[in-house]
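> A predicted structure for the sequence below; I have some questions about it.
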Amino acid sequence: MTSIVNSALAQWRSTPSGRRARRRGMSLVEVMVVIAIILTLMSVLAIGVWGIFGESQVDTTRLTMSKVSERIEIYQLRKKHPPSSADGLAAVFGNEKVPQDAWGHDFIYVSPGPGGRPYDLISLGADGKEGGTGTDEDLHWVDER
(Lines give C-alpha, C1' and ligand atoms only; values in the text may rest on other atoms or scores of the structure.)
Protein backbone atom coordinates (compact mmCIF):
# COMPACT_ATOMS: atom_id res chain seq x y z
CA MET A 1 0.00 0.00 0.00
CA THR A 2 2.85 2.33 0.80
CA SER A 3 4.39 1.72 -2.58
CA ILE A 4 1.13 2.66 -4.29
CA VAL A 5 0.96 5.90 -2.31
CA ASN A 6 4.64 6.65 -3.03
CA SER A 7 4.21 6.02 -6.76
CA ALA A 8 1.06 8.18 -6.85
CA LEU A 9 2.91 10.94 -5.00
CA ALA A 10 5.88 10.68 -7.38
CA GLN A 11 3.55 10.82 -10.38
CA TRP A 12 1.74 13.85 -8.92
CA ARG A 13 5.08 15.65 -8.39
CA SER A 14 6.12 15.02 -11.97
CA THR A 15 3.01 16.70 -13.39
CA PRO A 16 3.11 20.46 -14.17
CA SER A 17 0.61 21.28 -11.43
CA GLY A 18 2.68 19.35 -8.91
CA ARG A 19 5.81 21.26 -9.88
CA ARG A 20 3.96 24.54 -9.45
CA ALA A 21 2.81 23.48 -6.02
CA ARG A 22 6.40 22.86 -4.94
CA ARG A 23 7.69 26.25 -6.16
CA ARG A 24 8.42 28.87 -3.59
CA GLY A 25 6.63 32.28 -3.85
CA MET A 26 8.23 35.67 -3.36
CA SER A 27 8.84 36.71 0.21
CA LEU A 28 7.59 39.99 1.63
CA VAL A 29 11.13 41.39 1.67
CA GLU A 30 11.60 40.62 -2.04
CA VAL A 31 8.29 42.32 -2.89
CA MET A 32 9.26 45.38 -0.84
CA VAL A 33 12.66 45.62 -2.59
CA VAL A 34 10.98 45.48 -6.01
CA ILE A 35 8.50 48.20 -4.99
CA ALA A 36 11.35 50.38 -3.65
CA ILE A 37 13.26 50.04 -6.94
CA ILE A 38 10.16 50.93 -8.97
CA LEU A 39 9.42 53.97 -6.79
CA THR A 40 13.01 55.18 -7.07
CA LEU A 41 12.93 54.95 -10.87
CA MET A 42 9.57 56.72 -11.02
CA SER A 43 10.79 59.60 -8.83
CA VAL A 44 13.90 60.10 -10.98
CA LEU A 45 11.71 60.22 -14.11
CA ALA A 46 9.21 62.59 -12.48
CA ILE A 47 11.95 65.04 -11.49
CA GLY A 48 13.30 65.05 -15.06
CA VAL A 49 9.86 65.54 -16.61
CA TRP A 50 9.00 68.33 -14.15
CA GLY A 51 12.20 70.19 -15.07
CA ILE A 52 11.41 69.98 -18.77
CA PHE A 53 7.85 71.14 -18.09
CA GLY A 54 9.14 74.21 -16.22
CA GLU A 55 11.51 75.09 -19.06
CA SER A 56 8.71 74.75 -21.61
CA GLN A 57 6.57 77.21 -19.64
CA VAL A 58 9.39 79.76 -19.74
CA ASP A 59 9.75 79.23 -23.51
CA THR A 60 5.98 79.57 -23.98
CA THR A 61 6.01 82.84 -22.03
CA ARG A 62 8.84 84.19 -24.21
CA LEU A 63 6.86 83.29 -27.34
CA THR A 64 3.76 85.01 -25.99
CA MET A 65 5.84 88.08 -25.11
CA SER A 66 7.12 88.09 -28.68
CA LYS A 67 3.57 88.10 -30.06
CA VAL A 68 2.49 90.88 -27.67
CA SER A 69 5.57 92.88 -28.65
CA GLU A 70 4.65 92.54 -32.33
CA ARG A 71 1.20 93.93 -31.56
CA ILE A 72 2.75 96.85 -29.67
CA GLU A 73 5.06 97.55 -32.65
CA ILE A 74 2.05 97.63 -34.99
CA TYR A 75 0.28 100.00 -32.58
CA GLN A 76 3.39 102.21 -32.59
CA LEU A 77 3.46 102.31 -36.40
CA ARG A 78 -0.18 103.37 -36.56
CA LYS A 79 -0.21 105.87 -33.67
CA LYS A 80 3.43 107.06 -33.89
CA HIS A 81 3.97 106.27 -30.16
CA PRO A 82 3.58 103.28 -27.87
CA PRO A 83 0.57 103.16 -25.54
CA SER A 84 1.10 104.79 -22.16
CA SER A 85 1.49 102.72 -18.99
CA ALA A 86 -1.96 103.94 -17.94
CA ASP A 87 -3.54 102.71 -21.19
CA GLY A 88 -1.64 99.43 -20.92
CA LEU A 89 -2.05 96.48 -23.21
CA ALA A 90 -5.82 96.93 -23.39
CA ALA A 91 -5.21 99.82 -25.83
CA VAL A 92 -3.22 97.49 -28.07
CA PHE A 93 -5.66 94.57 -28.05
CA GLY A 94 -8.91 96.55 -28.04
CA ASN A 95 -11.86 94.17 -27.64
CA GLU A 96 -9.66 91.07 -27.71
CA LYS A 97 -8.56 89.30 -24.56
CA VAL A 98 -5.07 90.40 -23.46
CA PRO A 99 -2.73 87.36 -23.42
CA GLN A 100 -1.24 86.12 -20.15
CA ASP A 101 1.99 84.31 -19.40
CA ALA A 102 2.16 80.50 -19.19
CA TRP A 103 1.34 80.62 -15.47
CA GLY A 104 -1.88 82.61 -15.95
CA HIS A 105 -0.52 85.97 -14.74
CA ASP A 106 -1.02 89.26 -16.56
CA PHE A 107 1.99 90.85 -18.20
CA ILE A 108 3.23 94.13 -16.74
CA TYR A 109 3.56 96.86 -19.36
CA VAL A 110 5.81 99.86 -18.65
CA SER A 111 6.19 102.84 -20.98
CA PRO A 112 8.77 104.32 -21.32
CA GLY A 113 11.02 101.34 -20.73
CA PRO A 114 14.49 101.24 -19.19
CA GLY A 115 17.53 102.47 -21.08
CA GLY A 116 15.57 104.82 -23.34
CA ARG A 117 13.51 102.00 -24.85
CA PRO A 118 9.93 102.88 -25.76
CA TYR A 119 8.45 100.16 -23.52
CA ASP A 120 9.13 97.03 -21.48
CA LEU A 121 7.00 93.94 -21.06
CA ILE A 122 7.47 91.95 -17.86
CA SER A 123 6.40 88.50 -16.67
CA LEU A 124 6.94 87.83 -12.97
CA GLY A 125 7.54 84.11 -13.51
CA ALA A 126 5.85 81.09 -11.95
CA ASP A 127 5.52 82.60 -8.46
CA GLY A 128 3.96 85.87 -9.69
CA LYS A 129 6.28 87.89 -7.43
CA GLU A 130 9.26 90.10 -8.22
CA GLY A 131 12.66 88.42 -8.21
CA GLY A 132 13.31 84.71 -7.99
CA THR A 133 15.42 82.10 -9.72
CA GLY A 134 14.70 79.31 -12.16
CA THR A 135 11.08 79.35 -13.31
CA ASP A 136 10.31 82.02 -10.69
CA GLU A 137 12.73 84.45 -12.36
CA ASP A 138 11.25 87.61 -13.89
CA LEU A 139 11.34 87.86 -17.69
CA HIS A 140 11.86 91.33 -19.21
CA TRP A 141 11.20 91.72 -22.92
CA VAL A 142 13.92 94.42 -23.11
CA ASP A 143 16.46 91.74 -22.09
CA GLU A 144 14.97 89.10 -24.42
CA ARG A 145 15.44 91.23 -27.55
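Now that the structure is in, tell me what you want to look at.
> Show the contacting residues for Gly134.
Contacts for Gly134 (CB atoms under 8 Å, 6 or more residues apart in numbering) come out as Gly54. Bear in mind the C-beta positions are built from the backbone N, C-alpha and C, glycine included.
> correction: Trp141
Taking CB under 8 Å, 6+ apart, we find Trp141 in contact with Met65, Val68, Ser69, Asp120, Leu121, Ile122.
> and the fourth one, what pLDDT?
The predicted structure scores Asp120 at 89 on the pLDDT scale.
> Report all helices and strands that the top helix by length along the chain contacts.
Longest helix in the chain, counting residues (DSSP state H): helix 28-79. When contacts are defined as 3 or more CB pairs under 8 Å, 6 or more residues apart in numbering; DSSP states H and E, helix 28-79 packs onto helix 90-93, strand 120-123, strand 139-140, helix 141-144.
> before we move on, back to that, which of the contacts of Trp141 has the most neighbours?
The most crowded member of the contacts of Trp141, judged by other CB atoms under 10 Å, is Leu121 (23 neighbours).
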